[in-house]
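In: sequence and predicted model, in that order:
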Amino acid sequence: MTQILPYNDASIKIAAKAISDGDVVAFPTETVYGLGANALDDKAIAKIFEIKKRPQHNPLIVHFHDKNIVEHYAEMNDTARQLAAHFWPRPLTLVLPLRSDSGLSELCSAGLKTIAVRVPAHRTAQALLKMTGLPIAAPSANLSGTVSATSPVHVMKTLKGRVPYVLADGFADIGLESTIIDLSTETPCLLRYGSITQKQIEDDLGRKIDVFDSAQHIKKPKSPGQLLKHYAPSIPVRLNAVDVEEGEALLAFGSTKFMGLRSGGHVSIMPSASKLNLSEEGDLYEAASNLFKMLHDLDIKDHSAIAVMPIPKMGLGLAINDRLERAAAATKI
Ligand code: TXA
Ligand code: MG
């Protein structure tokens, strides 16, 4: 049985007690919903892997309510302190050397000598972290390999009956997982695109950073979760579509004035449930927040595939294209 807890003080108390008692709770963050457990408790963390069917070699992000607490668990150098001061609480995850006396469950780091940490900005995540007083490890609240959840409904889609509580607080504003920067190497390296861009990080640090190339490292990914096959709907995803084939759904971006059907005619004659627009205005922030929700909504058996219109590869568009390329890679033969 899964109980949905609406956002209020009583619900936060129930969720906090469940986490302190070693249970797993789905909760909102500003990026996507997370599946949280006490990061100090091996058994609780093992439950996350079991519930999500996540391979044990894929480490988790540990969440904290304040940047100063992170120092107890990870080695923070000047670069880490600078980024923490300027970007936390916000959707930025830092990969840092793990402190030998951290006390964190080894399952969180999957045996690596580094740990991924972040301080989320969301009111519910903050309240939960504060009330438990614990570091909370949380991957995205979806079955491994499926599209991340941006609402309680999406959490329920793959985890109903597998998790005791879903702490509900509407849609996740940003809708894309946090940016990940590895600071355990000499030159910082962007491991996952997110709403905080490479340029923002480089401007802040006053130097260039590396970018991890997932296609090149597919055989031995630096970030084990960065396998190309990820974030996948159950039907194929076709990118950079300039028209729509019969049976396909359309995920549009911007104006659809010039989008036609392969069989003839304009996409305006498609049923409205098969045609969603990430942002009619072509706004990348709006598109990011709609991406996973719309992939969920179009992912139904009536559709043979999801045709996605091109999205500019700049700024936040890089993160959107990254998630879409993974979704498409998973369905290629
Ligand atoms: O926005 C987010 O980051 C969400 C919310 C819930 O906080 N969490 C999230 O977690 O996206 P997850 O588990 O779906 O993705 C975490 C990514 C994975 O690709 C994992 O391989 C990588 O972070 N990661 C974790 N620890 C790492 C480490 N020590 N070194 C390199 N990559 C790491
Ligand atoms: Mg995930």
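Out: That came in fine, so what should we check first? Residues are numbered from 1 along each chain as shown. Ligands and ions are numbered 1, 2, ... in the order given.

In: would you map out the domains in this protein?
Out: 3-211, 237-331 (automatic domain parsing).

In: quick check: end-to-end length of the longest one?
Out: End-to-end distance of domain 3-211: 41 Å, with C-alpha to C-alpha, to the nearest Å as the criterion.

In: before we move on, the earlier item: Throw the domains of the chain into TSV and include mean pLDDT and mean neighbour count, thanks.
Out: Glycine gets a C-beta too; all of them are placed from N, C-alpha and C. Formatted as TSV, the domains of the chain follow (pLDDT from 0 to 100; neighbours: other C-beta atoms under 10 Å):
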stretch	mean pLDDT	mean neighbour count
domain 3-211	96	20
domain 237-331	95	18
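
In: let me have these in a markdown table, adding distance to Tyr231 as columns.
Out: What follows is the domains of the chain, written out as a markdown table (distance: least, C-beta to C-beta, whole Å):
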| stretch | distance to Tyr231 |
| --- | --- |
| domain 3-211 | 6 |
| domain 237-331 | 5 |
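
In: which one of the ones you listed lies closest to ligand 1?
Out: Closest approach to ligand 1 among these (C-beta to the nearest ligand atom): domain 3-211, 2.9 Å.

In: ok, back up a step: tabulate the domains of the chain (TSV), appending distance to ligand 1.
Out: Listed next are these as TSV, based on distance: least, C-beta to the nearest ligand atom, whole Å:
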stretch	distance to ligand 1
domain 3-211	3
domain 237-331	11
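
In: what sits against the closest residue to Leu96 other than its chain neighbours?
Out: In space, and not counting its chain neighbours, Leu96 is closest to Ala74: 3.9 Å by C-beta to C-beta, 6 or more residues apart in numbering. Ala74 is in contact with Ala80, Leu94, Leu96, Pro97, Leu98, Arg99, Ser102, Ile115, Val117, counting by C-beta atoms under 8 Å, 6 or more residues apart in numbering.

In: try Val117
Out: Each residue near Val117 by C-beta under 8 Å, 6+ apart is listed here: Ile61, Val62, His63, Phe64, Val70, Tyr73, Ala74, Thr93, Leu94, Leu96.

In: can you list which of those residues are found in helices?
Out: Val70 (DSSP state H).

In: of the contacts of Val117, which belong to strands?
Out: Ile61, Val62, His63, Thr93, Leu94, Leu96 (DSSP state E).

In: and of the residues you listed, the nearest to Thr29?
Out: Nearest to Thr29 among the ones in strands among the contacts of Val117: His63, at 7.6 Å, using C-beta to C-beta.

In: run through the residues that contact the spatially closest residue to the closest one that is not a sequence neighbour.
Out: Sequence neighbours aside, Ile136 is the residue nearest to His63 in space, at 4.8 Å (criterion: C-beta to C-beta, 6+ apart). Applying C-beta under 8 Å, 6+ apart, one finds that Ile136 lies in contact with Ile19, Gly34, Gly36, Ala37, Asn38, Ala39, Val62, His63, Leu128, Leu129.

In: what about 10 Å?
Out: 16, 19, 25, 27, 34-40, 44, 60-65, 120, 125, 128-129 (C-beta atoms under 10 Å, 6 or more residues apart in numbering).

In: and it, what are its phi and psi?
Out: The phi/psi pair for Ile136 (degrees, to the nearest 10) reads phi -110, psi 120.

In: one more: Val237?
Out: phi -120, psi 130.

In: please verify my assumption that it contacts Asp299.
Out: Yes. In this structure, Val237 is within contact of Asp299 by C-beta atoms under 10 Å, at 9.3 Å.

In: intersection of neighbour lists for the two?
Out: Ala249, Ile306, Ala327.

In: can I get those residues in TSV including secondary structure?
Out: Shown next, in TSV, are the shared contacts of Val237 and Asp299 (DSSP: H, G, I helix; E, B strand; the rest coil):
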residue	secondary structure
Ala249	strand
Ile306	strand
Ala327	helix
